[in-house]
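Participant: this one's sequence-less:
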């Protein structure tokens, strides 16, 4: 709604509903609607086609379409591309479904954890805090230069590039590195 439309609406006592994605950033060139669930939004992001393929191969579509709430640290296609050559293709094979499921569920936290809450946890815990995932992983969240970063079980560090993408069943934080469990 333009400023002149807002002024006209205020003068006339009218109200207009804002688009459902008004508070959400665009992700992968697509609007992210707070009224849609994690899967319904993720399938529209051009930056998350690998993640969507992996979630489908792991059989997690129904789970992440469920009531939640969930917090998903969503690696981009570029994050998956950082993995050694052939890793993604190998993980997508049916015989590797258990490992793929483990890796993906290590990107999911039970509950809706917004960036402000993560930042407060980091501050309250002296600069670092442990995040427990539904996949049984424990990662370390920290802040550097005003950005939230997450260290996985293998010492890799992901940076949150887009925070607080609200969903009907939780929240997505876009990250630039795939989080891996401790081996």
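Facilitator: Okay, I see it. Quick caveat: nothing in here was measured; it's all calculated off a predicted structure. Residues are numbered from 1 along each chain as shown.
Participant: Low-confidence bits of this protein, can you list those?
Facilitator: Confidence mapping of the chain against pLDDT under 70 gives the ranges 1-22, 26.
Participant: make it 50
Facilitator: Applying pLDDT under 50 to the chain picks out residues 1-21.
Participant: how about the helices in it?
Facilitator: Per DSSP state H, the chain carries helices over the ranges 3-12, 38-42, 49-58, 61-65, 77-81, 87-91, 97-105, 115-124.
Participant: Format these as a markdown table; extra columns: distance to residue 146 and mean neighbour count.
Facilitator: No exception for glycine: its C-beta is placed from N, CA and C like everyone else's. A markdown table is the format used below for the helices of the chain (distance: least, Cβ to Cβ, whole Å; neighbours: other Cβ atoms under 10 Å):
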| stretch | distance to residue 146 | mean neighbour count |
| --- | --- | --- |
| helix 3-12 | 30 | 10 |
| helix 38-42 | 26 | 23 |
| helix 49-58 | 25 | 19 |
| helix 61-65 | 29 | 16 |
| helix 77-81 | 20 | 17 |
| helix 87-91 | 31 | 15 |
| helix 97-105 | 28 | 18 |
| helix 115-124 | 9 | 14 |
